[in-house]
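[1] model the following, please.
(4 chains)
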2 protein chains.
Amino acid sequence: MILSRTSQYAIQALIYVATQPAGEPILNRKIAEYLGVPAAYLAKIMQSLCKGNLLYSFRGRQGGFCLREGGEKTDLMQIVSLIEGVGFTEYCVLGLKVCSDETACPMHTKWKPIKERIVSLLHEQTLDRLAVAVKSGKYRICDLPMAMMGAETDPAGV
Amino acid sequence: MILSRTSQYAIQALIYVATQPAGEPILNRKIAEYLGVPAAYLAKIMQSLCKGNLLYSFRGRQGGFCLREGGEKTDLMQIVSLIEGVGFTEYCVLGLKVCSDETACPMHTKWKPIKERIVSLLHEQTLDRLAVAVKSGKYRICDLPMAMMGAETDPAGV
DNA sequence: GTGAAACAAGATAATTAGATCGAAATATGC
DNA sequence: GCATATTTCGATCTAATTATCTTGTTTCAC
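    The predicted model follows:
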């Protein structure tokens, strides 16, 4: 609805890395397996994240990916603008090329505050905060195992 | 960022129809020309809008498209759910298949209120209100002519 | 050296956007 | 009434974008 699948995978992967002990390189394969996303595609995304200076990569044996120092403070806005391009928040809801305070689409004034809330939410969510939430066990960054889906609606509990 | 191009075109076209005198069928060609969008593609979208009971269509000479009676009260949510499918607002920001109050991604609680604001904005914006805004001349549903782009930065005024 | 891993670039698949074309319908002129 | 121009309808086809896979190379620990 808002983010491309690429951005979603990038965020999930970075959160996962942030939940792991710092300093130990993590395999792309492991991340992909955990998240249940295609490893080859994820590898490409991880490369972008390296080029964008969010990750370190180590080749060869004992290789893998690590957060850069201070990387726990990376916020979602940084990740998203890296993937979708800066200014992805500037797009007009109705798709107009030019839609600013001066000359706008009829949704502009109402949409602007919502957009601002989205931006500040993306800014305030940092990898460390998200990692804590995941480590607490209250939240997930990967899908439920199929078996569990709809488990609540199953009175027998299987 | 939020809506597919198809939804954007659908909304633009419906607003345009709503600005025109009711009862007079409007040509797809005219709408496409005004909005500056591909006519063939728009025609397809118009068909969906007819099937979704938002528009009437008339074939042959003097044909064209009209809002259905009461159509001025159509809100953007109706249009969008027709095009993108109902439940497009239910998607998880991080792309999880299941993300509800019971079991969620770490963004869920913060994202939910924003999502609700988006939904209510889409609900409160009806075609007649948007049409009024456009007819007032304060807002646009089509792009500026190329010549005007950046006109403000041109001291000579060309 | 050898094997495990990231790296790079391209090929393929899926989805979305847009174009084409032959109908079917209908107001209008004759 | 009948031909005709005008328009939507419907189905299919192409192009562009996005997501995914493949293959080979480089790097590094052992």
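[2] so what's the residue in chain A positioned nearest to DNA strand C up against?
    As assessed by Cβ to the nearest atom of the strand, DNA strand C sits closest to A:S57 within chain A, at 3.0 Å. In this view, the C-beta of every residue, glycine as well, is placed from N, C-alpha and C. With contact taken as Cβ atoms under 8 Å, 6 or more residues apart in numbering or on different chains, A:S57 is in contact with A:46-47, A:50, A:63-66.
[3] for stretch A:3-15, buried residues please.
    Under the neighbour-count criterion of 16 or more other Cβ atoms under 10 Å in any protein chain shown, stretch A:3-15 has A:3, A:6-15 buried.
[4] for chain B, tell me which of those residues show up nearby.
    Among the buried residues of stretch A:3-15, the ones lying near chain B by Cβ under 8 Å from any Cβ of the partner chain are A:3, A:8-9, A:11-12, A:15.
[5] can I get those in CSV including secondary structure and pLDDT?
    CSV is the format used below for those (DSSP: H, G, I helix; E, B strand; the rest coil; pLDDT from 0 to 100):
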residue, secondary structure, pLDDT
A:L3, coil, 92
A:Q8, helix, 95
A:Y9, helix, 94
A:I11, helix, 96
A:Q12, helix, 95
A:I15, helix, 96
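[6] in a markdown table, list these along with distance to B:L82.
    As requested, these are exported to a markdown table (distance: Cβ to Cβ, whole Å):
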| residue | distance to B:L82 |
| --- | --- |
| A:L3 | 23 |
| A:Q8 | 25 |
| A:Y9 | 29 |
| A:I11 | 30 |
| A:Q12 | 31 |
| A:I15 | 35 |
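[7] which residue is the nearest non-sequential neighbour of A:G71?
    A:L54 (6.1 Å; Cβ to Cβ, 6 or more residues apart in numbering or on different chains).
[8] separation between the one you found and B:R59?
    Distance of A:L54 to B:R59, computed by Cβ to Cβ, to the nearest Å: 56 Å.
[9] same question for A:V119.
    In this view, A:V119 and B:R59 are 47 Å apart by Cβ to Cβ.
[10] more neighbours, these two?
    Neighbour comparison, A:V119 and B:R59: the larger count goes to A:V119, with 13 against 8 (by other Cβ atoms under 10 Å in any protein chain shown).
[11] dump the residue contacts of the more buried one.
    Going by Cβ under 8 Å, 6+ apart, A:V119 touches A:77, A:89.
[12] past the one helix or strand it maps to, which element shows up next along the chain?
    Per DSSP states H and E, A:V119 falls inside helix A:108-124. Per DSSP H and E, helix A:108-124 leads on to helix A:127-135 as the next helix or strand towards the C-terminus.
[13] which residues touch the residue sitting nearest the centre point of chain A?
    Nearest to the mean C-alpha position of chain A, by Cα atoms, centre = their mean, lies A:I11 at 1.7 Å. The contact partners of A:I11, by Cβ under 8 Å, 6+ apart, come to A:3, A:76, A:79-80, B:94.
[14] need those in JSON lines with secondary structure and distance to A:T109, can you?
    Below are the contacts of A:I11 laid out as JSON lines (DSSP: H, G, I helix; E, B strand; the rest coil; distance: Cβ to Cβ, whole Å):
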{"residue": "A:L3", "secondary structure": "coil", "distance to A:T109": "25"}
{"residue": "A:L76", "secondary structure": "helix", "distance to A:T109": "26"}
{"residue": "A:I79", "secondary structure": "helix", "distance to A:T109": "29"}
{"residue": "A:V80", "secondary structure": "helix", "distance to A:T109": "24"}
{"residue": "B:L94", "secondary structure": "coil", "distance to A:T109": "30"}
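[15] any idea how far A:G71 lies from A:K30?
    18 Å.
[16] who's more crowded, the two?
    Remark: of A:G71 and A:K30, A:G71 carries more neighbours, 21 against 15, as counted by other Cβ under 10 Å.
[17] how about the helix or strand hosting A:C50: buried residues?
    Under the criterion of DSSP H and E, A:C50 resides in helix A:39-51. By neighbour count on 16+ other Cβ under 10 Å, the buried set for helix A:39-51 is A:42, A:45-46, A:49.
[18] on that earlier part again, nearest to DNA strand D among the buried residues of stretch A:3-15?
    The closest of those to DNA strand D turns out to be A:T6 (Cβ to the nearest atom of the strand; 4.0 Å).
[19] and the host helix or strand of A:Y34, which residues are buried?
    Using DSSP H and E, A:Y34 sits within helix A:28-35. By 16+ other Cβ under 10 Å, the buried positions in helix A:28-35 come out as A:28, A:31-32, A:34-35.
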